[in-house]
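K.L.:
One predicted model, sequence on top.
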Amino acid sequence: MTAALLVEQLLNGLQLGVMLFLTAAGLTLVFGVMGLINLAHGSLYMTGAFVCALVAGVTGSFWVGLVAGALAAAAAGALVELTVIRRLYDRDHLDQVLATFALILIFSEGTRWIYGAQPLWLDVPEALSGAVTLPGGARYPLYRLAIILAGLAVALGLHLLIARTRLGMRIRAGESDREMIGALGVDIGRLYTAVFALGAGLAGLAGAMVGALQSVQVGMGEPVLILAFVVIVIGGIGSVTGALVGAVLVGVTDTLGRVFLPMAFAQVMPPAEASGVGSALASVLIYVLMAGVLIWRPQGLFPAP
Amino acid sequence: MSEAAAPAPAPGLSREGWTNLVLLALLGGAGLLFAVLGQTFFVNLASRVAILAMAGVGLNLALGYGGMVSFGHAAFFGLGGYVAGIAAFHAFDRSLFMGWPVEIGGTDAMLAIWPLAMGVSALAALGIGALSLRTSGVYFIMITLAFAQMIYYFAISWPAYGGEDGLSIYVRNSFPGVDVYDPLQFFALCFGALLVALGITSRLTAARFGAALAMARLNETRLATAGIRPFPVRLAAFVISAAITGWAGALFADLNGFVSPTMLSWPMSGELIVFCILGGVGRLCGPVAGAAAFVLLEHFVGGVTERWQLVLGLILLGAVLFARGGIVGAVAGRGRHD
């Protein structure tokens, strides 16, 4: 029983980690290449979820919704970059924080205006609605397994994109010397828009996939955004590898803490109290992890060069 | 250095000095006027402005003067609020906060609650600051935000003091010689606290400490060359900043008769930053102007349309992109180091 539970929770943690990676990857790329802190990244995640829910509801196909969600988030990202974000690159971080905080307010209220205040629901697609039997004998939802695989595939694809393609070469060059690649004839403005849209699209994809697991509502993006911050502080800002490692660490720590800390406390105190103390401590566990990493390595596990 | 150390008080008031005086006179006058007119609602609104301005004054010390962009000051605001709430809770039902090793009960005396709120916030800031100030720039922003979220989630999942539902303060905490239920007298308390906070900030920034803090922001290496380590200066400013914000939090809890995790949440941190920037970063009375503008906008735009957050977002965006320097900057001219 305990082994099966452990495997199940490990997979849940991995699934959360993969989602966090998709969100954190865009944040860390945008910071690495453009030196910009984007609080509105969670809004793009929310956009992906809302458009997916809407399109899936209209067309009846989850898959069309998924693609539409990711594309809509990328388009929204490109639009925001062209109108607002590009004016912020040479400002200090304080201005970036405030402007992107303003974007959150605009996105949230705008979404509430368009879709109404009621949460939307998105069904798990037919083909992935079952459960599979794990080697240990436990049953595990197929959809969550599919999310893990999809996330890992995207991570691999992102790695190939950055390591092997011309766009990736330019992204890496942009991280090491912005002015030089401009001097070499690369259109910096277009590169920045492309990177921002790529990050937004990944966040939108994550939002669309998660939409089938939880309710789609205004404000769903910000908790994920803050977790993604913890992820990239742990992983090292600007490092995609760091984002992957950090995301899995945070996902697994958080999930296991929430399940096993209350159980551990239940051994030594009455159940009602144990669940209170355990869940309170579990909710701060990842921040303790972050503090530990900061003491050990202030620049994160994979510091950008 | 000498420039940064020059204070602006009388005999000859600078343009910014006049601006500050007018701002404070307007706020104090508004509270008095509405009390005379019997408009209790607006007196309480003025109290709200004074308290939020005070929280912003606290943040401004770290953010404006010290250049530390803390996105987690709601943690200190909320901690101050919870100190007031928890003390009042135990005083109300005569129970003990802790029974071991010493017995500590509740209290409803503001004179005991305020130092406690400041102390708890300062202690939290000491820990958070010591960790966060190992880094700088974007790391600092994200880490302060993350630590504030940690406290927020802790408050939500800790059931003893209301958890997600928050904690009501049934009887407003007391202050000797003051009828705290009289709106004008409560406003006077808040306004007085704001003046004290402004006085502390003004004295600190005019002192050697302020000069060192400004230099830590402008040129860390130069400060180190002068033989002053930047880290303790920054940490001290961060702790004092948190203590002022925590004090404001205790007052805010009393004003509302309620404290909830919302006071600890990240939008609160964002609003505190908004007060500073809207009013003028690193200007003594910037947060006063910012908080007043924010509360007035919230009240009047919020009265016209329920989409007030959208309007606020657009105003903020416009302010960041096109109007730098904030309200005080627009009235009193550019600051010394803009």
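P.N.:
Alright, I've got the coordinates.

K.L.:
Stretch B:297-308: how far from the chain's middle?
P.N.:
Chain-centre distance of stretch B:297-308: 23 Å, with C-alpha atoms, centre = their mean, to the nearest Å.

K.L.:
mean confidence for it?
P.N.:
Summarised as a single mean, pLDDT over stretch B:297-308 is 85.

K.L.:
when you scan it, is anything in it near chain A?
P.N.:
Yes. Applying C-beta under 8 Å from any C-beta of the partner chain, one finds stretch B:297-308 in contact with chain A at B:Arg307. Yep, even glycine has a C-beta here, placed from its N, CA and C like the rest.

K.L.:
Quick one: name the residues of the stretch 101-250 of chain A near chain B.
P.N.:
Counting by C-beta under 8 Å from any C-beta, the stretch 101-250 of chain A sits next to chain B at A:101-106, A:108-110, A:113, A:222, A:226, A:229-230, A:232-233, A:237.

K.L.:
In PyMOL, how would I select just the buried ones from these?
P.N.:
Of those, the buried ones can be selected in PyMOL as follows, counting by 16 or more other C-beta atoms under 10 Å in any protein chain shown:
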select buried, chain A and resi 101+102+103+104+105+106+108+109+110+222+226+229+230+232+233+237
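
K.L.:
now, which of the residues of the stretch 101-250 of chain A next to chain B lie within helices?
P.N.:
Judged by DSSP state H, these include A:101-106, A:108-110, A:113, A:222, A:226, A:229-230, A:232-233 as members of helices.

K.L.:
now, the most widely separated pair of those?
P.N.:
A:Trp113 and A:Val233 (33.6 Å; C-beta to C-beta).

K.L.:
residue boundaries of the strands in the chain?
P.N.:
I'll assume chain A. For chain A, the strands defined by DSSP state E cover A:131-133, A:139-141.

K.L.:
um, chain B though
P.N.:
Along chain B, counting by DSSP E, strands occupy B:96-98, B:104-105, B:167-168, B:258-259.

K.L.:
and A:Gly246, how many neighbours?
P.N.:
Look at A:Gly246: counted by other C-beta atoms under 10 Å in any protein chain shown, it has 30 neighbours.

K.L.:
Which residues are in contact with it?
P.N.:
A:24, A:230-236, A:300-301 (C-beta atoms under 8 Å, 6 or more residues apart in numbering or on different chains).

K.L.:
Show me the helices in the chain, by range?
P.N.:
Just so you know, I chose chain A. Taking DSSP H as the test, the helices found in chain A are A:2-34, A:41-59, A:62-83, A:93-115, A:142-164, A:166-176, A:178-183, A:188-210, A:221-235, A:240-266, A:271-296.

K.L.:
Oops, wrong one, chain B.
P.N.:
Taking DSSP H as the test, the helices found in chain B are B:2-5, B:15-37, B:40-60, B:74-93, B:110-132, B:137-157, B:183-206, B:208-218, B:220-225, B:230-256, B:266-279, B:286-304, B:308-322, B:326-332.

K.L.:
now these in JSON lines, with mean neighbour count?
P.N.:
Formatted as JSON lines, the helices of chain B follow (neighbours: other C-beta atoms under 10 Å in any protein chain shown):
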{"stretch": "helix B:2-5", "mean neighbour count": "11"}
{"stretch": "helix B:15-37", "mean neighbour count": "17"}
{"stretch": "helix B:40-60", "mean neighbour count": "26"}
{"stretch": "helix B:74-93", "mean neighbour count": "26"}
{"stretch": "helix B:110-132", "mean neighbour count": "21"}
{"stretch": "helix B:137-157", "mean neighbour count": "24"}
{"stretch": "helix B:183-206", "mean neighbour count": "19"}
{"stretch": "helix B:208-218", "mean neighbour count": "20"}
{"stretch": "helix B:220-225", "mean neighbour count": "14"}
{"stretch": "helix B:230-256", "mean neighbour count": "26"}
{"stretch": "helix B:266-279", "mean neighbour count": "25"}
{"stretch": "helix B:286-304", "mean neighbour count": "20"}
{"stretch": "helix B:308-322", "mean neighbour count": "18"}
{"stretch": "helix B:326-332", "mean neighbour count": "22"}
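
K.L.:
Out of the ones you listed, which is closest to A:Val186?
P.N.:
It's helix B:137-157; of the helices of chain B, that one is closest to A:Val186 (C-beta to C-beta) at 24.4 Å.

K.L.:
is any part of the closest one close to chain A?
P.N.:
Yes. Helix B:137-157 comes into contact with chain A (C-beta under 8 Å from any C-beta), by way of B:137-139, B:141-143, B:145-147, B:149-150, B:153-154, B:156-157.

K.L.:
Over to stretch B:314-326?
P.N.:
Yes. Remark: stretch B:314-326 sits within contact range of chain A at B:314-317, B:319-321, B:324, by C-beta under 8 Å from any C-beta.

K.L.:
farthest pair in these?
P.N.:
Maximum distance among these (C-beta to C-beta): 16.9 Å, for B:Leu314 and B:Arg324.

K.L.:
Contacts only, for the residue lying closest to A:Leu22 once chain neighbours are set aside.
P.N.:
Distances taken as C-beta to C-beta, 6 or more residues apart in numbering or on different chains place A:Ala206 nearest to A:Leu22, at 3.7 Å, with adjacent residues excluded. For A:Ala206, the contact set (C-beta under 8 Å, 6+ apart) comprises A:19, A:22-23, A:45, A:48, A:151, A:224.

K.L.:
related to what we said a few turns ago, closest to A:Leu71 out of the residues of stretch B:314-326 next to chain A?
P.N.:
B:Leu317 (25.0 Å).

K.L.:
what pLDDT does the residue nearest to A:Leu66 when sequence neighbours are not counted get?
P.N.:
Computed as C-beta to C-beta, 6+ apart, the closest residue to A:Leu66 that is not its neighbour in sequence is A:Ala208, at 5.0 Å. Note on A:Ala208: pLDDT of 93.

K.L.:
what's around A:Ala208, how many residues?
P.N.:
Neighbours of A:Ala208 using other C-beta under 10 Å come to 31.

K.L.:
ok, now which ones touch it?
P.N.:
Contact partners of A:Ala208, counting by C-beta under 8 Å, 6+ apart, are A:48-49, A:51-52, A:65-66, A:69-70.

K.L.:
ok, 6 Å please
P.N.:
Under the criterion of C-beta atoms under 6 Å, 6 or more residues apart in numbering or on different chains, the contact list for A:Ala208 reads A:48-49, A:52, A:66, A:69.

K.L.:
same question, B:Val180
P.N.:
With the criterion set at C-beta under 6 Å, 6+ apart, B:Val180 makes contact with B:172, B:174, B:186.
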